[in-house]
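Trainee: pasting a predicted model and its sequence here:
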Amino acid sequence: MSDRGIPVSPMHMNGYGSHTLSLWDAAGERYWVKFHFKTEQGHKHYTNGETVDVIGNSRETYQEALYGGIEDGKLPRWKVQVQIMPEMDAEKTSYNPFDLTKVWPHADYPCIDIGVMELNRNPDNYFAEIENAAFSPSNIVPGIGFSPDKMLQARIFSYADAHRHRLGTHYDTIPVNQPKCPVHHYHRDGQMNVFGGIKTGNTEAYYEPNSFNGPVEAPSAKEPPLRIDGDAERYNHRDGNDDFGQVKALFDLFDDAHRNRLYANIATAMQGAPEDIIKRQIALFAQVDPAYGAGVAKATGVSG
């Protein structure tokens with residue numbers, strides 16, 4: 001919950017990959033990585049009160065601001081950054097580096113600039129280029145891999161499955177989703193086959209290995225082995241997990257104005273919730289900092 005309210009447009013927002021991925025080099029050395037996209041347009045926000053008028057005038061203000069900015073030649077840009085963690089550091093951190101709810105302190109793993117992302121045109125056909133777009137973390141290139149991030153592991157499967165259900169078996173052949181360079185594989189037939197035979201042009205090859213000159217495995221795309229030690233079993237991820245330390249560190253950075261906006265925003269978001277649920281949530285805020293719990297209690301009018 002931001003203390004500042006709602007960003008004025010997507011152009012004034014940072015983007016965070018959140019998940020931990022991996023990079024590896026030619027020597028097979030793995031590094032854990034987080035990707036960040038930092039807006040170059042600056043941060044601008046509406047208060048909750050201001051958004052009432054904005055949304056009252058148009059529910060599509062985000063899309064309008066983004067589309068209009070690009071149409072007017074004000075091309076939005078984001079600085080692309082990575083945080084890099086040596087593989088074995090994951091055993092030393094006081095937090096779980098694969099936990100989606102945790103951040104890596106920038107003092108330990110500084111953000112490194114690697115490029116810029118720019119949106120430089122609007123779609124010619126919104127349905128074809130936007131509604132048909134299928135993004136999935138399972139789409140990777142050699143040198144980038146996954147991690148023991150539990151949520152990422154689930155999304156590797158669920159996103160691609162959702163696209164197959166929504167767009168068809170061969171959603172990756174829709175023009176907006178097609179790779180820009182040839183990809184040789186054995187995906188063929190089934191719903192939405194719009195390309196005819198197998199992409200190699202050899203209809204006799206169905207699997208690998210075969211005797212018909214079909215595509216073969218690319219060893220360069222194979223991830224290095226993952227170091228594992230101990231027994232594999234179900235575990236409670238909350239055991240020994242600090243859910244409050246990083247939140248308190250951020251809360252401590254807020255001045256009174258920040259905190260008061262935060263309390264008000266949370267109180268607005270919890271309107272209509274049963275009082276016992278609000279009390280439970282206030283108790284969680286108090287574990288971050290007693291002032292946090294007291295501030296939300298006052299804003300909601302509910303005693304913790």
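Mentor: In hand now; what should we look at?

Trainee: the helices in the protein, which residues?
Mentor: Using DSSP state H, the helices of the chain run over 48-57, 61-71, 126, 150-167, 245-251, 256-269, 275-288, 290-300.

Trainee: for residue 111, which of the ones you listed is the nearest?
Mentor: Within these, the stretch nearest residue 111 is helix 245-251; the backing value is 16.7 Å (Cβ to Cβ). The way it works is simple: take the backbone N, C-alpha and C, and place the C-beta from them, glycine included.

Trainee: next, the buried residues of the closest one.
Mentor: Across helix 245-251, burial judged by 16 or more other Cβ atoms under 10 Å covers 247, 251.

Trainee: restrict that helix to CA atoms and write it as CSV.
Mentor: This file holds the C-alpha atoms of helix 245-251, laid out as CSV (Å, rounded to 0.1, in the frame of the first residue of the first chain):
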residue,chain,number,x,y,z
GLY,A,245,11.9,-6.4,9.5
GLN,A,246,11.9,-5.1,6.0
VAL,A,247,8.5,-3.5,6.4
LYS,A,248,9.7,-1.6,9.5
ALA,A,249,12.8,-0.5,7.7
LEU,A,250,10.6,1.2,5.1
PHE,A,251,8.2,2.6,7.7
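
Trainee: contacts for it, please.
Mentor: 95, 102-103, 259, 288-289, 292 (Cβ atoms under 8 Å, 6 or more residues apart in numbering).

Trainee: next, format these as JSON lines and append neighbour count and pLDDT.
Mentor: Output for the contacts of helix 245-251, formatted as JSON lines (neighbours: other Cβ atoms under 10 Å; pLDDT from 0 to 100):
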{"residue": "95", "neighbour count": "16", "pLDDT": "92"}
{"residue": "102", "neighbour count": "19", "pLDDT": "93"}
{"residue": "103", "neighbour count": "16", "pLDDT": "94"}
{"residue": "259", "neighbour count": "17", "pLDDT": "96"}
{"residue": "288", "neighbour count": "19", "pLDDT": "97"}
{"residue": "289", "neighbour count": "16", "pLDDT": "97"}
{"residue": "292", "neighbour count": "23", "pLDDT": "97"}
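
Trainee: follow-up on the earlier one: what's the most buried one of the helices of the chain?
Mentor: For these, the largest average neighbour count (mean count of other Cβ atoms under 10 Å) is found in helix 290-300, namely a mean of 19.

Trainee: give me the distance between that helix and the centre of its chain.
Mentor: Mean-position distance between helix 290-300 and its chain equals 30 Å (Cα atoms, centre = their mean, to the nearest Å).

Trainee: hang on, the earlier thing: biggest separation within the contacts of helix 245-251, which pair?
Mentor: 95 and 259 (24.1 Å).

Trainee: residue boundaries of the strands in the stretch 51-200 of the chain?
Mentor: For the stretch 51-200 of the chain, the strands defined by DSSP state E, counting those that start in this stretch occupy 77-86, 112-118, 144-145.

Trainee: sheet partners, orientation included, of the second one?
Mentor: Strand pairing for strand 112-118, using DSSP bridges, gives strand 77-86 (antiparallel).

Trainee: in the partner strand, what counts as buried?
Mentor: 77-83, 85.

Trainee: mind putting those residues into JSON lines with distance to residue 302 and pLDDT?
Mentor: Formatted as JSON lines, the buried residues of strand 77-86 follow (distance: Cβ to Cβ, whole Å; pLDDT from 0 to 100):
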{"residue": "77", "distance to residue 302": "44", "pLDDT": "96"}
{"residue": "78", "distance to residue 302": "39", "pLDDT": "96"}
{"residue": "79", "distance to residue 302": "42", "pLDDT": "97"}
{"residue": "80", "distance to residue 302": "43", "pLDDT": "97"}
{"residue": "81", "distance to residue 302": "40", "pLDDT": "97"}
{"residue": "82", "distance to residue 302": "42", "pLDDT": "97"}
{"residue": "83", "distance to residue 302": "39", "pLDDT": "97"}
{"residue": "85", "distance to residue 302": "41", "pLDDT": "97"}
